[in-house]
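> Mind folding the following:
(one chain, ligands or ions: 1)
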Amino acid sequence: MLVDGVTVRYDSVLALQEVTLALRPGRVCGLVGTNGSGKSTLFKTIMGLVRPTSGRVTIGGSPPAAARRRAQVAYVPQSEAVDWNFPIGVREVVMTGRYGHQGFLRRPRPADHVAVDAALDRVGMTDFAERQIGQLSGGQRKRVFVARAIAQGAPLLLLDEPFAGVDATTERALTAVIRDLAAAGHAVLVATHDLAGLPQLCDEAVLLQRRVLVHGSPAEVLRPENLALAFGAPPTPSTVVPAEGDAL
Ligand SMILES: Nc1ncnc2c1ncn2[C@@H]1O[C@H](COP(=O)(O)OP(=O)(O)OP(=O)(O)O)[C@@H](O)[C@H]1O
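Residues are numbered from 1 along each chain as shown. All right, here's what the predicted structure looks like:
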């Protein structure tokens, strides 16, 4: 996946400026920045939901819309972007990740059910498969949407703040799932505000502030002078260094 010199404007707001980023199979790239720094806009642009003012995105050499039609990219949006009152069960949500595999009639085949069961199992949500999504906790909802992305089997996974509002156990579990997906050859871009968790989660990270301030190893991104560039003031050490013995 290549984001090549992408600039995005919403009327008078310059949300992204000349952003260039390549994601490679088998690697997790963290996306870090303040509120409003353009992270969600970058995801939406990669998905083809927002059109760049200039520059372009290619996924496997194709434009985003074509990549989406071929189920080449899976997107887990921020929770606020989902209508939780929509009457749909957990299993059905995960099955929507299989649409790209089901042809025009969208009739699930045995392989689709196998993929959905495996994905639910992978995120520890098998026991909740028949629940309505509106009856789940915030952390359980995150797991369901990650399961949908897993079931889709897309080479490129985009996760917008999967750890927002989840407890430490769920964050560890989701981190392990994301690492496994990379080990299986997926390219993963994950937005997170959890700086302390970056070294466990990512192979590389990007500091975004409308443009790419730094792109490097987690350790490089976490250098105080780099964080000061993005966040304005040096963060306290506890936000940078994982606590000793914290086996995330
Ligand atoms: N549809 C829109 N119309 C106008 N401006 C928008 C729109 N969506 C986002 N913006 C603006 O673009 C900028 C980037 O927003 P974006 O949602 O991409 O940031 P973010 O890094 O995802 O923030 P957060 O961490 O709060 O989710 C912000 O200034 C925001 O107000």
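> residue ranges with poor pLDDT in the chain?
Along the chain, the model assigns pLDDT under 70 to residues 80-81, 103-105, 233-248.
> What residues does it have near the ligand?
Within the chain, the positions adjacent to the ligand are 10, 13, 15, 33, 35-41 by C-beta under 6 Å from any ligand atom. Heads up, the C-betas are built off the backbone N, CA and C, glycines and all.
> So which of these are in helices?
Secondary structure from DSSP state H places 39-41 of the residues of the chain next to the ligand in helices.
> returning to what we had before: from the residues of the chain next to the ligand, which two are the most distant?
Y10 and G33 (16.7 Å; C-beta to C-beta).
> And these two? Which one has more around it.
Here Y10 and G33 are compared on neighbour count by other C-beta atoms under 10 Å; more neighbours surround G33, at 20 against 11.
> ok, what's across the strand from the residue nearest the centre of the chain?
Closest residue to the average C-alpha location of the chain: L159 at 0.9 Å, with C-alpha atoms, centre = their mean. Under DSSP bridges, the beta-bridge partners of L159 are V76, V190.
> so it makes contact with Q78?
No. L159 sits out of contact with Q78 when judged by C-beta atoms under 8 Å, with a separation of 9.8 Å.
> ranges for the strands of the protein?
2-10, 13-22, 28-32, 54-58, 73-76, 156-160, 187-191, 204-209, 211-216 (DSSP state E).
> okay, the first one in PDB with CA atoms only?
Right, the one you point to is strand 2-10. Coordinates of each C-alpha in strand 2-10 appear next as PDB, following Å, rounded to 0.1, in the frame of the first residue of the first chain:
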ATOM      1  CA  LEU A   2       1.300   3.400  -0.900                       C
ATOM      2  CA  VAL A   3       0.100   6.800   0.100                       C
ATOM      3  CA  ASP A   4       1.900   9.100  -2.300                       C
ATOM      4  CA  GLY A   5       2.100  12.800  -1.600                       C
ATOM      5  CA  VAL A   6      -1.500  13.000  -0.300                       C
ATOM      6  CA  THR A   7      -3.000  16.300   0.600                       C
ATOM      7  CA  VAL A   8      -6.600  16.400   1.900                       C
ATOM      8  CA  ARG A   9      -8.700  19.600   2.400                       C
ATOM      9  CA  TYR A  10     -12.100  19.800   3.900                       C
END
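> And that strand, what does it pack against?
strand 13-22, helix 39-47, strand 54-58 (3 or more C-beta pairs under 8 Å, 6 or more residues apart in numbering; DSSP states H and E).
> so the last one versus strand 2-10, what angle?
Going back to what we said before, that points to strand 54-58. 130 degrees (axes from the mean of the first three to the mean of the last three C-alpha atoms, to 10 degrees).
> Apart from its neighbours in sequence, what residue is nearest V32?
Nearest residue to V32, sequence neighbours excluded (C-beta to C-beta, 6 or more residues apart in numbering): L207, at 5.4 Å.
> just checking, the one you found touches L222?
No. Judged on C-beta under 8 Å, L207 makes no contact with L222 at a distance of 9.4 Å.
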